[in-house]
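In: Take a look and give me a structure for this.
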Amino acid sequence: MSDLKKQYKNFRLRRGNQIVAYAQEKSTGVSFTGKYLLFWRAGEEGFDEIDEATSSLDKMNRRIYEGDIVRYKSNFKPLFREAVIIKKSNDFFLLDLDFWAVIPLHINGLSLFQAEALEIISHQFTHPDLNQKIKSWKKASIT
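Out: Okay, the predicted model is just below:
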């Protein structure tokens with residue numbers, strides 16, 4: 001991973017299933033971008049969920065966050081599959097939605113998937129049934 005990528009972290013800020021802003025944490029502070037940048041001026045908590053970004057981009061050059069549902073392709077399989085991005089400790093994984101298998105997104109800082117093999121198709125938080133299944137799976141499987 002380049003030194004530039006190590007210098008900051010990116011986050012998606014949500015209120016429920018609505019994305020309200022994005023944040024970038026640098027050594028000099030935090031900067032916000034997005035549609036609802038004045039959310040903190042109303043005197044209310046502007047967000048209740050934070051999704052951390054992976055260091056990967058999808059085939060459309062979009063940043064991939066935990067909770068994104070992606071279509072992915074393995075080098076060894078000709079078909080695309082669907083997975084949700086999950087985080088365990090400080091690492092990101094694909095949770096395959098057919099087999100509930102966990103696949104690392106990176107090993108030792110190197111991406112296991114080229115951008116052309118990943119495409120964001122939705123978000124976990126916009127699918128209540130899937131969201132509940134994943135929360136239950138995490139509770140049972142990841143400690």
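In: Ranking helices and strands of this structure by mean pLDDT, which lands last?
Out: helix 3-6 (a mean of 48; mean pLDDT, DSSP states H and E).
In: average pLDDT for the helix of greatest length in the chain?
Out: Taking DSSP state H as the criterion, the chain has its longest helix at helix 128-141. If you average the pLDDT over helix 128-141, you get 85.
In: now stretch 46-66
Out: In this model, stretch 46-66 carries a mean pLDDT of 93.
In: Quick one: residues in contact with it.
Out: Taking contacts as Cβ atoms under 8 Å, 6 or more residues apart in numbering, the residues outside stretch 46-66 that touch it are 1, 5, 9-16, 20-21, 36, 39-40, 67-68, 70, 85-87, 92, 105-106, 111, 113, 115-120, 125. Glycine gets a C-beta too; all of them are placed from N, C-alpha and C.
In: how near is H123 to N75?
Out: Taking Cβ to Cβ, to the nearest Å as the criterion, H123 is separated from N75 by 26 Å.
In: Looking at those two, which is more packed in?
Out: Here H123 and N75 are set side by side on neighbour count (other Cβ atoms under 10 Å), and the busier one is H123, at 20 against 8.
In: Quick check, that one in contact with V70.
Out: No: because the distance of 10.2 Å does not satisfy Cβ atoms under 8 Å, H123 is recorded as not touching V70.
In: Return the residues in contact with the residue lying closest to K26 once chain neighbours are set aside.
Out: The spatial neighbour of K26 that comes closest, neighbours along the chain excluded (Cβ to Cβ, 6 or more residues apart in numbering), is Y8 at 4.4 Å. Y8 makes contact with 24-27 under the criterion Cβ under 8 Å, 6+ apart.
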